[in-house]
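> Give me a model of this one.
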Amino acid sequence: MFDNMQRPEIKETMIELMRTPEMQQVLKEVIKELNGLFI
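Numbering: from 1, shown residues only. Model (predicted):
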């Protein structure tokens, strides 16, 4: 399964997804949640 991650086109797709505003918002929320757990 993780072998696929090594393929450049899949890595590119992941990076593109991470850059979308929706994902940015989700990531911010996730990071907020994680920070809440550690503090």
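
> Now name the helix or strand holding residue 13.
helix 8-19 (DSSP states H and E).

> Name the residues that touch whatever helix or strand comes next after that helix?
Scanning forward in sequence from helix 8-19 by DSSP H and E, the next helix or strand is helix 21-38. Residues outside helix 21-38 that contact it (Cβ atoms under 8 Å, 6 or more residues apart in numbering) are 17-18. Every C-beta, even on glycine, is put in place using the N, C-alpha and C of the backbone.

> coming back round to it: list the helices and strands the helix holding residue 13 packs on?
Contact analysis of helix 8-19 by 3 or more Cβ pairs under 8 Å, 6 or more residues apart in numbering; DSSP states H and E lists helix 21-38 as its packing neighbours.

> Tell me the gap between the helix it packs on and the middle of its chain.
Mean-position distance between helix 21-38 and its chain equals 10 Å (Cα atoms, centre = their mean, to the nearest Å).

> Below-threshold pLDDT in this protein: ranges please.
Along the chain, segments meeting pLDDT under 70 span 1-5, 39.

> ok, now with 80
Where the chain drops to pLDDT under 80, the residues are 1-6, 38-39.

> Centroid-nearest residue for it?
Closest to where the C-alpha atoms of the chain average out (Cα atoms, centre = their mean) is residue 18, at 5.0 Å.

> and the gap between that one and residue 26?
Distance, residue 18 to residue 26, using Cβ to Cβ, to the nearest Å: 10 Å.

> follow-up on the earlier one: now the residue nearest to the centre of the chain: closest residue in space, sequence neighbours ignored.
residue 27 (7.3 Å; Cβ to Cβ, 6 or more residues apart in numbering).

> Can you give me the separation between that neighbour and residue 13?
Relative to residue 13, and taking Cβ to Cβ, residue 27 is found at 16 Å.

> swap in residue 34?
The gap separating residue 34 from residue 13 is 24 Å, by Cβ to Cβ.

> next one: residue 37
Residue 37 sits at a distance of 29 Å from residue 13 (criterion: Cβ to Cβ).

> Pick out whichever of those two has more residues nearby.
residue 13 (11 against 6; other Cβ atoms under 10 Å).

> That concludes my questions; thank you for your assistance.
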